[in-house]
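# Fold the stuff below for me.
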Amino acid sequence: MLRAIGRKIAKHHRAKQTPHGKQSVKKLMAHGASASSIELSGDTKLFDRVARKWNVDYAFYKTGPDKYLLFFKAGQADAMTACFSEYSRKVLNKSKSRRIPIQDQLKRASEQLAQERPRPKERVQEVVHADR
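Just a heads-up that it's a prediction; the model follows:
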């Protein structure tokens, strides 16, 4: 009986805890703390990875194609600035990447194949036993 009561109290306690990490704007606003927002355009998945590292509570609100408003708690402003600086550094490094796009690689490969001279096909007739 005591275990059942303990489980019920623990379940109730877990339900009252505020969610962390990525969440809806409605849940973020329900935390009771004031929220701030920043405009974000670009890769949201990359921001998710960085924000998990910094334990930031945030929410995205889509304002247009590839444009978002990023809401976060005002109490986490220091963690948010560190998180955002790391995110922007990663975005800049990604754009400066020296990898060649796959389409360009395919174009170069097709050009090389076109430049190579085709081999003449050799037709050889198999030897057949004539005395059978």
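# where along the protein do the helices fall?
2-16, 25-29, 44-54, 77-95, 102-115 (DSSP state H).
# Turn the ones you listed into CSV, including mean neighbour count.
C-beta here means a position set from N, CA and C on the backbone, and glycine is covered the same way. Shown next, in CSV, are the helices of the chain (neighbours: other Cβ atoms under 10 Å):
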stretch, mean neighbour count
helix 2-16, 9
helix 25-29, 14
helix 44-54, 15
helix 77-95, 14
helix 102-115, 9
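# Format the ones you listed as CSV; extra columns: mean pLDDT and distance to residue 62.
Listed next are the helices of the chain as CSV, based on pLDDT from 0 to 100; distance: least, Cβ to Cβ, whole Å:
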stretch, mean pLDDT, distance to residue 62
helix 2-16, 81, 29
helix 25-29, 80, 10
helix 44-54, 87, 9
helix 77-95, 84, 18
helix 102-115, 89, 28
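# now those helices as JSON lines including distance to residue 35?
Output for the helices of the chain, formatted as JSON lines (distance: least, Cβ to Cβ, whole Å):
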{"stretch": "helix 2-16", "distance to residue 35": "20"}
{"stretch": "helix 25-29", "distance to residue 35": "6"}
{"stretch": "helix 44-54", "distance to residue 35": "15"}
{"stretch": "helix 77-95", "distance to residue 35": "11"}
{"stretch": "helix 102-115", "distance to residue 35": "40"}
